[in-house]
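Q: Task: produce atomic coordinates for the following.
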Amino acid sequence: NPLFWFRQLIREPLQASMVGKVGMVTPFDTIAAIGRITAGKSEGYKKLRSKGVIGPVDVIKDPIEFAKVAFGDKNFVVRRWEDVKHIHEIVDAGTRVAVYDKAKADGLSKGMDEETASDYATMRARELINFSKQGRSQAIRSLRATTPFFGAALNSMDVMARAAFPKTLGKLSKAEVMEAQRNFYSSAATLALYTTAY
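A: Numbers count the residues shown, from 1 in each chain. Predicted coordinates for the structure are as follows:
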């Protein structure tokens, strides 16, 4: 729905700026990425889609299939529903593509070859919200399946918590933990400053 699209333009860049490790990502970066995707000129979108990083993540049966059965393949409702679904996927992908593009450029500047830089960028884009992380709790899995956007909110909070407290990530050196915390808190402070100024 349009409210979700608007929130994706504002919320996702803020989160990407704090946890994406690619510098500041603004709504303008997301809008530019959406423009490239819409024009069919985004290699990042094609790469992330082929690796399953973007696209539908809902485990419930596709409502378009239901509409095709109910109304027929060529019905106006089905065609408009497909258009809206496509817009939704593009808006949802915008920030991830912006992160992918920045991370790939960063990887190439560090001397990585094209394929390694692409894999590095894919990992950065995936970790904004990684829907493959489901957890072990059956109660949480049930809530994910029955409560709209619960999984997205939970995964988003998990990413923020791991960025703020990198000791929970596992085997990191003290220097890596300090660097991760420094990046998170400097990004958070910058965003707080911009928000206060606004």
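
Q: From here on, just use CA atoms for contacts and neighbour counts.
A: Fine.

Q: Give me the contacts around the one helix or strand Lys47 maps to.
A: When secondary structure is defined by DSSP states H and E, Lys47 falls within helix 43-50. The contact list for helix 43-50 (C-alpha atoms under 8 Å, 6 or more residues apart in numbering) reads Ile37, Ile54, Gly55, Ala93, Val97, Tyr100, Asp101, Thr122.

Q: please redo it, this time with the cut-off set to 6 Å
A: The set of residues external to helix 43-50 that reach it, using C-alpha atoms under 6 Å, 6 or more residues apart in numbering, is Ile54, Val97.

Q: Could you export it as CSV, CA atoms only?
A: C-alpha atoms of helix 43-50 as CSV (Å, rounded to 0.1, in the frame of the first residue of the first chain):
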residue,chain,number,x,y,z
GLU,A,43,22.4,-4.4,-12.6
GLY,A,44,22.2,-4.4,-8.8
TYR,A,45,18.5,-5.1,-9.0
LYS,A,46,19.0,-8.0,-11.4
LYS,A,47,21.8,-9.5,-9.3
LEU,A,48,19.9,-9.2,-6.0
ARG,A,49,16.7,-10.6,-7.5
SER,A,50,18.6,-13.6,-9.0
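
Q: In this protein, spot the helix with the most residues.
A: When secondary structure is assigned using DSSP state H, the longest helix within the chain turns out to be helix 76-109.

Q: Pull out the buried residues from the helix holding Lys47.
A: Of all the residues in helix 43-50, those buried under the rule 16 or more other C-alpha atoms under 10 Å are Gly44, Tyr45, Lys47, Leu48.

Q: I'd like the residues you listed laid out as TSV, including distance to Leu3.
A: Putting the buried residues of helix 43-50 into TSV (distance: C-alpha to C-alpha, whole Å) gives the following:
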residue	distance to Leu3
Gly44	25
Tyr45	23
Lys47	27
Leu48	24
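
Q: Quick check: which element contains Val25?
A: Short version, using DSSP H and E: Val25 is in no helix or strand.

Q: Quick check on it: phi, psi?
A: Backbone geometry at Val25, expressed as degrees, to the nearest 10, gives phi -120, psi 120.
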